[in-house]
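1. how does the following fold in three dimensions:
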Amino acid sequence: MSIKEEKILVIGISGQVASAMQDALSTHSHTVFCGRTLEGAKYEGRLRYRVLDLAQISEIGSILKDESPSIIINTAAYTAVDKAEEDQEKARLINTLAVKKIGEIASELDAIVVHYSTDYVYSGEGESSWVETDPADPINYYGITKLEGERALQQSCKKHLIFRTAWVFSDIGSNFVKSILKLGTEREVLQVVDDQFGSPTSAREIAQVTLEVLSQLLAKRGSIDKYFGIYNLVCEGSTNRYEFALKIISLATDIGFDIKVERFVPVNSKAFPTAAKRPSNSRLNCARLSSNFNIESTTWEDELAYVLNRIKNATNDQHPS
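-> Coordinates of the predicted model:
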């Protein structure tokens, strides 16, 4: 069976992964995107869009049953990491209870659920890359709700794919790449933490790998139960925030951004205190993904170059010379 024959429902419209998923599925005639608002809809007329607020748990069942998809891809989440420390009820509602409901309805429909989780479920200690079987030990409330969401989905729906990812960036929304790029055009000196390590990962890579995994899964013969479960999904390679920022500015300079920053200062995370503690080690090992689906990840440097060019081209379109 081909993924082109499947009806896909994507929860999320305006987020980074949801936007990349719209690009990846723009010619897929059996896809509906559902979001809290329709802001961010990119392919009206080619894709269908519906309003769905995950905070309204009762709406989830009615819309999923009405659409009756065979694949549900949940890109939506409460991602305000610091705010989650205070707004715990809302964070748990979106990241745990809504995910549980999605799993329950998917099980009734016999649908596959794809759900995205995070490196924040790990403790963030040490220097080794985390594998899926390492003990989960989140260090902030956001991570706790994401871990609870994973477990709720595992318990409510047998046919699930949970992708743990990290340091997501794209040409839309708020992310580290866009923040550094903006600061780099405004300031001459930038302070960047150098004690947080991870694998920068583009939303495009996440979307493409997801659809490749689903395509392979649907094409397999016999039982596919052993392929469901948790997978780490990040771009190839790792770095720290400081080196990542240097690369962003270097590539941005090469393609013609008006960069003002002249000096970078590496600092400890303590220089930027936050309400929620951040993990120092977000390196993820993707060997299981590679072994089960023969996935070869794109390097984070290549994806960064792609995203910066997208931002540059969009800027040129808005301000033609």
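
2. pretty sure Val193 contacts Phe272?
-> Yes - counting by C-beta atoms under 8 Å, Val193 does reach Phe272; the two are 6.4 Å apart. For every residue, glycine as well, the C-beta is placed using N, CA and C.

3. in which helix or strand does Thr145 reside?
-> Secondary structure from DSSP states H and E places Thr145 in helix 141-156.

4. now for that helix, which elements pack on it?
-> helix 88-92, helix 98-109, strand 112-118, strand 160-165 (3 or more C-beta pairs under 8 Å, 6 or more residues apart in numbering; DSSP states H and E).

5. neighbours of Thr133, how many?
-> Neighbourhood size, Thr133 [other C-beta atoms under 10 Å]: 8.

6. same check on the one 5 residues further on?
-> Pro138 has 21 neighbours, counted by other C-beta under 10 Å.

7. wait, it sits on Tyr122?
-> Yes - if you go by C-beta under 8 Å, Pro138 and Tyr122 touch, sitting 7.4 Å apart.

8. show me the contacts for Trp300.
-> By C-beta atoms under 8 Å, 6 or more residues apart in numbering, the contact set of Trp300 is Ser199, Pro200, Thr201, Ser202, Val234, Cys235, Glu236, Gly237, Thr239.

9. who does the third one form a beta bridge with?
-> Beta-bridge partners of Thr201, counted by DSSP bridges, are Val168.

10. you'd agree it is up against Leu304?
-> No - judged on C-beta under 8 Å, Thr201 makes no contact with Leu304 at a distance of 10.2 Å.

11. the strands in the stretch 1-150 of the chain, which residues?
-> Per DSSP state E, counting those that start in this stretch, the stretch 1-150 of the chain carries strands over the ranges 8-11, 31-35, 48-51, 71-74, 112-118.

12. ok, back up a step: what's the most distant pair in the contacts of Trp300?
-> Ser202 and Thr239 (14.0 Å; C-beta to C-beta).

13. the more surrounded of these two?
-> Using other C-beta under 10 Å, the more surrounded residue of Ser202 and Thr239 is Ser202, with 28 against 19.

14. low-confidence ranges, this protein, go.
-> Residue ranges of the chain with pLDDT under 70: 1, 317-321.

15. what are the ranges of the helices in it?
-> For the chain, applying DSSP state H gives helices covering 16-24, 57-67, 88-92, 98-109, 141-156, 176-184, 203-219, 241-254, 287-293, 300-318.

16. give me the angle between the fourth one and helix 57-67.
-> What it means is helix 98-109. Per axes from the mean of the first three to the mean of the last three C-alpha atoms, to 10 degrees, the angle that helix 98-109 makes with helix 57-67 is 30 degrees.

17. could you do the fifth one as well?
-> Inter-element angle recorded for helix 141-156 and helix 57-67: 50 degrees (by the same axes, to 10 degrees).

18. residues touching the nearest residue to Ser156 once chain neighbours are set aside, list them.
-> Spatially, and ignoring its direct neighbours in sequence, Ser156 is nearest to Gly103 (3.2 Å; C-beta to C-beta, 6 or more residues apart in numbering). Residues in contact with Gly103 (C-beta under 8 Å, 6+ apart) are Val113, Ala152, Leu153, Gln155, Ser156, Cys157, His160.

19. what about 10 Å?
-> By C-beta atoms under 10 Å, 6 or more residues apart in numbering, the residues touching Gly103 are 72, 74, 111, 113, 115, 149, 152-160.

20. quick revisit: I'd like the strands of the stretch 1-150 of the chain laid out as TSV, including distance to Leu64.
-> Below are those laid out as TSV (distance: least, C-beta to C-beta, whole Å):
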stretch	distance to Leu64
strand 8-11	7
strand 31-35	9
strand 48-51	11
strand 71-74	7
strand 112-118	10
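
21. nearest to Gly173, of the ones you listed?
-> Among those, strand 31-35 sits nearest to Gly173 (C-beta to C-beta), with 13.2 Å.

22. can you give me the buried ones in the closest one?
-> For strand 31-35, a neighbour-count test (16 or more other C-beta atoms under 10 Å) marks Thr31, Val32, Phe33, Cys34, Gly35 as buried.
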